[in-house]
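Participant: model the following, please.
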Amino acid sequence: MTKDAPAFASQRPYQVHYGASSNISLVNHLFQYSNTRFGGDLPIFQVDDFSGYLGENSAETVETAMAQDNCQKSIFPVDELPLSLATEILERFLAVHQFLVPLQSPKALRGDLRVFYDPESRSALSNVRRRALLLVLAIGSLTTIHHRLANKLILEFNQSTVPSDDNLTTISIEIDCLLACYYTEKGFYNNAYLSIGSAIRKVFSAGLHRDPPQGSRSDLEIEEQRNLVWVLYNFESWICVHLGRPSSFTAVQLAVPLPKDPFFLALVRLSDIMAKCSNEIYIPTKGSLLPMWKSAVSLMSELHKYEDKVIATLGFGLHHRSQLGELDARQTILTTLYLHTIILVFRPFFIFSGKLKAQQVLSEYSHDSSPTNPPWLDKACDYVLDATKRLVNYIFIAMSSNQTVKDMRYNHVFLENCCAVLSYDILHDPNKMSANVPLITKSLLCLSQMRPGDSIQRIITSFQNLLEWINKGNSWSDTGSTEWLSLNDLNRSLEDCASPVIHDPSTWHHRKETIELLDDALRRVLF
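Facilitator: A predicted model of the protein is given here:
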């Protein structure tokens, strides 16, 4: 707030900031292009300066979510929740989320659940551990048919707060991390960002970002502290990249030994590359694109070496058909993050290529005189589109064969980005429709199999509108009809559908109503 600002300015809510690596940034480029070329009065979400946009979205709160979902009354009161159902929910948490937030061992969590349901020993479970268990059950319930129970569990979690819970302890930091995990599962990423930030500042306050003096803590306590720091490092890296915001760890040297678990170590190494991507690709710098291109090439080399290391240590690659069971969950986590990172490394060049094509159209170049992209720019676009195709196909296959992967609802972030990339490609090159529309449809098929929610439905509806327009405005081969693009048919197998063939893409390129409908569809992807 400036010195001359009115007194009531401090009460105004800030607009939420999304940086260049966020999905919303790519959608913003779509709006800019369509508005520049075709006019119109479409709202553009654009934030040029991070410093003025530090608040969270006030609408994204647990209380508001409860009111919106009409879930104030739970299926079961917490104290009457059957042990069998609570056990099922806990096991779902362990299957879906334990690999990402291994804060407590499965044995410890199962032990706390048994104590919680034993009237004689329940008093031995501290309030803070009880609240942590409530969060675990709330997160786990979101991956089951009893997902509406989560709001009751969170309400119980909020109402059971006591002053001593704010003490600077490992479990209090874990609670902030679990709360961020809950918000992420609900799609409230701004709240997750703030919760994980609170946990990290507690880590700094307690000095946990460096190992304690020898003999001051037990080996078990030291291992728990190290584990907690790396969980927070991974989690914050992913959230910051998704929202396009700076990480708290960038200015701090972590003096903590790396994890011993090979999978956990692989996550940390991938987070390192993601952090490099944010710092070297998405922090604005003056000058040419050459330094950025050199960084991108270097990052791609690191990613190739990373995949080789994963194959050597974990026994699976990052683009092959997924396996079943526990291996599948770990493989899916690494594969989706790996391919998403490749897309982000080269996405600025992909956007730049689209802007070059837009300039050619706006300048009314003839086909023969239009300048061609340099080879390195075409290569960058190929990296983006290849990784997008691989990511969509991988999630599609994994969800078709494994329930655990289907319950990984955060995969919608990757599918959302893929749909935006493919739509951006179509917008600047209508000839890509025949290749990109089936991939968008595959993404919608995956999204339709996830637990319903506002964020999921918004993506489905937005891109379904886009596909329905394409279906209405173009001819399709070998189908006789185009019902496969309707919402009622999203669950049909894509293999039963013919691929679209655009008979005259050049006419699409010049129709103003096309862009208006496309904008209307894409505008609702993230807003």
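Participant: mind listing what's buried along stretch 259-275?
Facilitator: 259, 263-271, 273-275 (16 or more other CB atoms under 10 Å). Just so you know, the C-beta spots here come from the backbone N, C-alpha and C atoms, and that holds for glycine as well.
Participant: rounded mean pLDDT for it, please.
Facilitator: Confidence for stretch 259-275, expressed as mean pLDDT, is 93.
Participant: contacting residues around it?
Facilitator: 99-100, 102, 226-227, 230, 233-234, 237-238, 241, 247, 249-250, 258, 299, 302-303, 306, 309-310, 313-314, 330, 333-334, 337-338, 341, 344 (CB atoms under 8 Å, 6 or more residues apart in numbering).
Participant: same question, stretch 304-321
Facilitator: So stretch 304-321 is in contact with 262-263, 266, 269-270, 273, 323, 327, 330-331, 334-335, 338-339, 390, 394, 397, going by CB under 8 Å, 6+ apart.
Participant: now, the contacts of stretch 259-275 that are in helices?
Facilitator: Using DSSP state H, the members of the contacts of stretch 259-275 that fall in helices are 226-227, 230, 233-234, 237-238, 241, 299, 302-303, 306, 309-310, 313-314, 330, 333-334, 337-338, 341, 344.
Participant: chain center to whichever helix or strand Ser434 is part of: distance?
Facilitator: For Ser434, the element it lies in under DSSP states H and E is helix 433-448. Averaging C-alpha positions (CA atoms, centre = their mean, to the nearest Å) puts helix 433-448 18 Å from its chain's average.
Participant: just the buried members of the ones in helices among the contacts of stretch 259-275?
Facilitator: For the ones in helices among the contacts of stretch 259-275, buried by 16+ other CB under 10 Å: 226-227, 230, 233-234, 237-238, 241, 299, 302-303, 306, 310, 314, 330, 333-334, 337-338, 341, 344.
Participant: skipping adjacent residues, who's closest to His29 in space?
Facilitator: Ile351 (5.3 Å; CB to CB, 6 or more residues apart in numbering).
Participant: you'd agree that neighbour is up against Ser21?
Facilitator: No - with contact defined as CB atoms under 8 Å, Ile351 does not count as touching Ser21 (11.6 Å).
Participant: which residues touch the closest residue to Leu125 other than its chain neighbours?
Facilitator: Of all residues not flanking Leu125 in the chain, Val115 sits nearest, at 4.9 Å (CB to CB, 6+ apart). By CB under 8 Å, 6+ apart, the contact set of Val115 is Ser121, Arg122, Ala124, Leu125.
Participant: now with 10 Å, please.
Facilitator: Ser121, Arg122, Ser123, Ala124, Leu125, Arg129, Arg130, Leu133 (CB atoms under 10 Å, 6 or more residues apart in numbering).
Participant: again with Ser298
Facilitator: The contact partners of Ser298, by CB under 10 Å, 6+ apart, come to Lys276, Glu280, Val345.
Participant: Thr341 now?
Facilitator: So Thr341 contacts 241, 270-271, 273-274, 276-277, 299-300, 302-303, 306, 387 (CB under 10 Å, 6+ apart).
Participant: for the residue of the chain positioned farthest from its centre, helix, strand, or coil?
Facilitator: Here the chain reaches farthest from its C-alpha mean at Glu120, the gap being 42.6 Å by CA atoms, centre = their mean. Judged by DSSP: H, G, I helix; E, B strand; the rest coil, the three-state class of Glu120 is coil.
Participant: repeat that for the one 10 residues further on.
Facilitator: Using three-state DSSP as the criterion, the local structure at Arg130 reads helix.
Participant: quick one: it and Tyr117, what's the gap?
Facilitator: 12 Å (CB to CB, to the nearest Å).
Participant: ditto for Ile460
Facilitator: 39 Å.
Participant: which one of the two is surrounded by more residues?
Facilitator: Ile460 (22 against 15; other CB atoms under 10 Å).
Participant: so what secondary structure elements neighbour whichever strand or helix holds Lys379?
Facilitator: In this assignment (DSSP H and E), Lys379 forms part of helix 375-401. Where contact means 3 or more CB pairs under 10 Å, 6 or more residues apart in numbering; DSSP states H and E, helix 375-401 is packed against helix 290-314, helix 326-362, helix 403-406, helix 411-428, helix 433-448.
Participant: make a markdown table out of the ones you listed and add distance to Tyr183 and mean pLDDT.
Facilitator: Below are the helices and strands packed on helix 375-401 laid out as a markdown table (distance: least, CB to CB, whole Å; pLDDT from 0 to 100):
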| stretch | distance to Tyr183 | mean pLDDT |
| --- | --- | --- |
| helix 290-314 | 29 | 93 |
| helix 326-362 | 19 | 87 |
| helix 403-406 | 21 | 85 |
| helix 411-428 | 13 | 91 |
| helix 433-448 | 20 | 91 |
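Participant: among the ones you listed, which is nearest Ile145?
Facilitator: helix 403-406 (12.0 Å; CB to CB).
Participant: got the buried residues for the closest one?
Facilitator: Thr404, Val405, Lys406.
Participant: could you flag which of the contacts of Val115 are buried?
Facilitator: Among the contacts of Val115, the ones that count as buried by 16+ other CB under 10 Å are Leu125, Arg129, Arg130, Leu133.
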